[in-house]
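Undergrad: Got a predicted structure here, sequence first:
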Amino acid sequence: MMKNNRHKGITMKQTLLLCSALLGLALAATGCKQRNAPPPARIPEVTVVTVQPEVLQLTTELPGRTTAVMMAEIRPQVGGLIQKCLFEEGADVEAGQVLYQIDPAPYEAALDSAKASLARAEAGLNSIKLRVERYESLLKKKAISQQDYDDASANMEQAKAAILVSKAARKTARISLGYTKITAPVSGRIGRSSVSEGALVTGSQPMPLATIQQLDPIYVDVPQAANQLIELRRHRDRLKDKETNYRKVRLNLVNGTEYEHEGILKFKDVSVDPTTGSVILRSEFPNPDEMLLPGMFVRAVILEAVLEQAILVPQQCVRRNPKGEAYVLLVTDENKAEQRMVDVERAVGNRWHIASGLEPGDQVIMEGFQSARPGSPVKPVPFQAEKQGDPATNNSSSSTH
């Protein structure tokens, strides 16, 4: 009986040891699992810019060429030999200044001949006038017939007409003689001469002897597409209600520098070119230093409109989906990323002008797109413009056509 109890006691002891071992193994396994558990996910940081409305000037940059305000081609009005060239090529000339001298000898002789013909006609008129006076007294006495008197009166009228013809011929000869001195019709800068002394020229020849151009001020003609002109007109109607000089035009030179003087938009052409579908816009610029020369290629910057509440974001904030639609990632009030579609109108420096899709105060993600997913939590960090450089502070938009 005692032997059975001993065996039973050993069995209970072994049972307790086995339970203790199993409990220790369970606790050890639990501890290992706790030590090997992964840490909680880190919330990614994203750099954001806060949308603020700005005043934006919408401009259009159009290519064009300069044109002289006034250009006069010098052509002879009478023929003859060029005796003298009385100007310096490339110099400024005044209106009325003599430029060329044509040999006047043939025209002086023609003037003398016209004067002689006039003197002869006047002398013949005096003789006929005295005869008519005598016939008048004899007609009263019926010493001559009425026919003789009428013939003498007709001869006197013919003599008067001959005098008028002679005077006209004298005037023509005097004008032709004056044309032997070719003068400048306008003031301006004269170019090179196409003839030299001793050259034979003809009246109203097609080739000009020289060209005079006025360079200050100077015109800039730019073509504007007809459909874009309608939009420009709509913007201009808005500007007329504001204290904005909507007629001012800036100019960029061919080397990329901006012309120092502002111009004024003068007018637009009254018809559309059927071959190009464009209308010519003409601006006038001061040119005191004559930096602009006729025919020079330039780009005119025309003010379209002034937007008081424009939304601008850096270009790196805007992405496009496979369909080409523009979108941005925002940070919501719950600090979660949100995708929003936007309507991009045009570039303004290195920013985009957003026509719709964003509101003032929205936080747009600028950096950290890779770690931000729509609906996932993010940690927004404000963008520091002074550290990263200027994202685009130019509040003037220029669209190029």
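TA: That came through, no problem. Numbers count the residues shown, from 1 in each chain.
Undergrad: for the helix or strand containing residue 57, packing partners?
TA: Assigning secondary structure by DSSP states H and E places residue 57 in strand 54-74. Under the contact criterion of 3 or more Cβ pairs under 8 Å, 6 or more residues apart in numbering; DSSP states H and E, strand 54-74 touches strand 188-190, strand 210-225, helix 226-239, strand 278-285, strand 297-314, strand 396-400. (Each C-beta comes from the backbone N, C-alpha and C, glycine too.)
Undergrad: What's the mean pLDDT across stretch 328-342?
TA: For stretch 328-342, mean pLDDT rounds to 89.
Undergrad: May I ask which helix or strand of the chain has the lowest mean pLDDT?
TA: Sorted by mean pLDDT, DSSP states H and E, the helices and strands of the chain end with helix 385-388, the least confident at a mean of 51.
Undergrad: Please, where are all the helices along the chain?
TA: Applying DSSP state H to the chain gives helices spanning 2-36, 105-140, 146-178, 226-239, 385-388.
Undergrad: Residue 331 is in contact with residue 45, isn't it?
TA: No - with contact defined as Cβ atoms under 8 Å, residue 331 does not reach residue 45; the gap is 11.0 Å.
Undergrad: Could you chop this structure up by domain?
TA: 46-56+308-400, 59-68+215-305, 76-102+180-207, 105-178 (automatic domain parsing).
Undergrad: CSV for these, including mean neighbour count?
TA: As requested, the domains of the chain are exported to CSV (neighbours: other Cβ atoms under 10 Å):
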stretch, mean neighbour count
domain 46-56+308-400, 16
domain 59-68+215-305, 16
domain 76-102+180-207, 15
domain 105-178, 15
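Undergrad: In contact with residue 132: list those residues for me.
TA: 149, 152, 153, 155, 156 (Cβ atoms under 8 Å, 6 or more residues apart in numbering).
Undergrad: can you tell me how far the residue minimising distance to the centre of the chain sits from residue 62?
TA: By Cα atoms, centre = their mean, the chain has its centre lying nearest to residue 300, at 2.7 Å. Plainly put, residue 300 is 5 Å away from residue 62 if you go by Cβ to Cβ, to the nearest Å.
Undergrad: joint contacts of those two?
TA: 222, 281.
Undergrad: Just send the contacts of residue 132 back as JSON lines, with distance to residue 66 and pLDDT too.
TA: Formatted as JSON lines, the contacts of residue 132 follow (distance: Cβ to Cβ, whole Å; pLDDT from 0 to 100):
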{"residue": "149", "distance to residue 66": "74", "pLDDT": "76"}
{"residue": "152", "distance to residue 66": "71", "pLDDT": "78"}
{"residue": "153", "distance to residue 66": "68", "pLDDT": "80"}
{"residue": "155", "distance to residue 66": "66", "pLDDT": "82"}
{"residue": "156", "distance to residue 66": "64", "pLDDT": "83"}
